[in-house]
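**Q** fold the following.
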Amino acid sequence: MTTFEQLFRERGLPGAIRSDNGVPFASPNGLFNLSKLSVWWLRLGIEIERIKPGHPQQNGRHERMHLTLKKEATRPAGMNFLQQQARFGATSSPNSIPRGLMKRST
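**A** Below is the predicted model of the structure:
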């Protein structure tokens, strides 16, 4: 089972997923720039929202998630690689994803 399958089973399908235009979300060689992943999402009824290239501010929640993850997982840094990985794993578990970050259809 993929991470997305597990997440969708536990939390339900989102109404939309916002992404940048990079792999694996888009494919420069695919019809309408669709990747296998984005085609699968469309088949599940999930709307794909893509940001404009070079406009990361349009994906502010995602960029904020990276900032928060970096602060919580690396400051203070672990004493060695294993401790650092344990901090990251504790911060990035699927159960720690706030429900408000997933956009749901009404």
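
**Q** check the residue of the chain positioned farthest from its centre and give its pLDDT.
**A** Within the chain, residue 79 marks the point farthest from the mean C-alpha position, 28.3 Å out by CA atoms, centre = their mean. pLDDT, residue 79: 79.

**Q** now residue 97
**A** At residue 97, the model reports a pLDDT of 45.

**Q** what distance do you get for the residue minimising distance to the centre of the chain to residue 80?
**A** The geometric centre of the chain, computed from its C-alpha atoms, lies nearest to residue 62 (CA atoms, centre = their mean), at 7.2 Å. As judged by CB to CB, to the nearest Å, residue 62 and residue 80 stand 30 Å apart. For the C-beta atoms, the positions are set from N, CA and C on the backbone; glycine is no exception.

**Q** on that earlier part again, the residue nearest to the centre of the chain contacts residue 25, correct?
**A** No - taking contacts as CB atoms under 8 Å, residue 62 lies outside contact range of residue 25: 11.2 Å.

**Q** hang on, the earlier thing: got the contact list for the residue nearest to the centre of the chain?
**A** Contacts of residue 62 were listed using CB atoms under 8 Å, 6 or more residues apart in numbering, and they are residue 18.
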